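Peer 1: would you be able to build a 3D model of this:
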Amino acid sequence: MNIAILNSTIQLENDRVKLIPFESERNEELKEIIFSPEIWKYMGTDMKTEKDFENYVTNTLKDQKNGICYPFLIIDKKNNKVAESTRYGYLNSISQKCEIGWTWYGTEFQGTGLNKSCKFELLKFGFESIGFRRIQFSADQENLKSQKAIEKLGAKKEGIFRNNYIAPNGESRNDVYYSIIKEDWNALRVENFREFLSR
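Peer 2: Below is the predicted model of the structure:
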């Protein structure tokens, strides 16, 4: 496993989307899309003020520095706009696994095909360049839209983690967990991501 590659500058790209390191001056552009309440309903945090945004950026970069995650900005290549943020999180070099998540899209970019394009690049790089043996995903038990998007990737549903996080109102929330493992990847990339393989 080449975990050291996560200490370098990673840029991933296909015809539809470009992923660049979160540590970019372009993270300021997230302010144009980040304050929609719909985005944060199942994210375990609130995003209402400029201070909330500053804390989000600071904490994301701090977690990256501490080796907890590798975050990206997602650029929609159709208009060169920052559309979202996502990351490799819960990095675990001993067990050779991570979670792709903390993903959110501005409302104008939802349902446009960006998610599948983005996830293909993250999965491909994760399995083929970093060498993860397991990549997992999670979604709030009530967030059926996110669960459906994860299932479209071909991820296997594994179960429910009860009281997995605490919402801003103090309520305990359940998450549904999914995974793709390295033994799945070769077949899954052909079955679910065929449109990207000929490019």
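
Peer 1: ok, the strand or helix carrying Ile135: who's next to it in the sheet?
Peer 2: Ile135 belongs to strand 134-140 when assigned by DSSP states H and E. Partner strands for strand 134-140, per DSSP bridges, with pairing direction: strand 97-105 (parallel), strand 172-181 (antiparallel).

Peer 1: can you redo those as TSV with mean neighbour count?
Peer 2: No exception for glycine: its C-beta is placed from N, CA and C like everyone else's. Formatted as TSV, these follow (neighbours: other C-beta atoms under 10 Å):
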stretch	mean neighbour count
strand 97-105	22
strand 172-181	18
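
Peer 1: I'd like a version of those in CSV, one that adds mean pLDDT as further columns.
Peer 2: Shown next, in CSV, are the strands paired with strand 134-140 (pLDDT from 0 to 100):
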stretch, mean pLDDT
strand 97-105, 95
strand 172-181, 98
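
Peer 1: so which of those strands is nearest Lys148?
Peer 2: Of all the strands paired with strand 134-140, strand 172-181 sits nearest to Lys148, with 11.1 Å by C-beta to C-beta.

Peer 1: name the residues that touch the closest one?
Peer 2: Outside strand 172-181, the residues within contact range by C-beta atoms under 8 Å, 6 or more residues apart in numbering are 42, 44, 123, 133-141, 147, 150-151, 153-167, 188.

Peer 1: which of the residues you listed are buried?
Peer 2: Buried members of those, counted by 16 or more other C-beta atoms under 10 Å: 42, 123, 134-141, 147, 150, 153-155, 164-165, 167, 188.

Peer 1: and the strands in this structure?
Peer 2: For the chain, strands defined by DSSP state E occupy the ranges 12-13, 17-21, 70-76, 81-92, 97-105, 134-140, 156-166, 172-181.

Peer 1: so which of the ones you listed is nearest Glu54?
Peer 2: strand 81-92 (14.6 Å).

Peer 1: for this structure, which helix is longest?
Peer 2: In the chain, assigned by DSSP state H, the helix with the most residues is helix 50-65.

Peer 1: now render the strands paired with strand 134-140 as CSV, adding distance to Met1.
Peer 2: Listed next are the strands paired with strand 134-140 as CSV, based on distance: least, C-beta to C-beta, whole Å:
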stretch, distance to Met1
strand 97-105, 10
strand 172-181, 14
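
Peer 1: for Lys156, give me its contacts.
Peer 2: Here Lys156 is in contact with Tyr178, Ser179, Ile180, Asp184 (C-beta under 8 Å, 6+ apart).

Peer 1: partner residues bridging the third one?
Peer 2: By that I understand Ile180. In beta-bridge terms (that is, DSSP bridges), Ile180 pairs with Ile135.

Peer 1: same for the longest helix of the chain, what does it pack against?
Peer 2: strand 70-76, strand 81-92 (3 or more C-beta pairs under 8 Å, 6 or more residues apart in numbering; DSSP states H and E).

Peer 1: contact partners of the least confident helix or strand in the chain by mean pLDDT?
Peer 2: Ranked by mean pLDDT, DSSP states H and E, the helix or strand of the chain with the weakest confidence is helix 194-197, at a mean of 85. The set of residues external to helix 194-197 that reach it, using C-beta under 8 Å, 6+ apart, is Asn14, Ser117, Phe120, Arg189, Val190.
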